[in-house]
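Chemist: Take a look and give me a structure for this.
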Amino acid sequence: MFEEDKDNKIYNLIISSGKDENNEYNQFLEKIYSKTDFLWKESVSSSYLTASDEFFNKVDLVIILSGIYKENSEKIDELVKASLKHTKPILLVRPYGEEEVPENLEEVATGIVGWNANCIIGDIKNIVNS
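Modeler: Modelled structure (predicted):
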């Protein structure tokens, strides 16, 4: 597909959230909202470990914001476990302004990306459409 071809797919994403002193969740949303030609929606569950197969069948990709991992490790570990159980790819976003990611997350990630909006959208599309 050429860059000028319109991608009409609506990507269904799970984006990790939780205690977020550096506002990484909202910064991440700003990045993907800035790409007006990228169509997406976010799926949320109160417990990903108990979410149904039907819920996960609709999900295209799980995005883990590794900058919030330290304060939300239990919740994110549950999300990772559920993602692996349902064979959903995981895109790991580096902590804002840093290169290092938690090793346990790096081991299960399908891809790792920084904070460039074009790179984020490109990686989402590449992972989901490959």
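
Chemist: how long is stretch 106-126 end to end?
Modeler: 18 Å (Cα to Cα, to the nearest Å).

Chemist: per-residue confidence for the residue most central in space within the chain?
Modeler: Nearest residue to the geometric centre of the chain (Cα atoms, centre = their mean): residue 63, 1.2 Å. Note for residue 63: predicted pLDDT of 98.

Chemist: I would like the residues contacting the helix or strand containing it, please.
Modeler: When elements are assigned from DSSP states H and E, residue 63 belongs to strand 61-65. Strand 61-65 is contacted from outside by 11-17, 20, 24-25, 28, 76, 79-80, 83, 88-93, 105, 109, 124, 127-128, using Cβ atoms under 8 Å, 6 or more residues apart in numbering. C-beta here means a position set from N, CA and C on the backbone, and glycine is covered the same way.

Chemist: How far away from the center of its chain is that strand?
Modeler: 2 Å (Cα atoms, centre = their mean, to the nearest Å).
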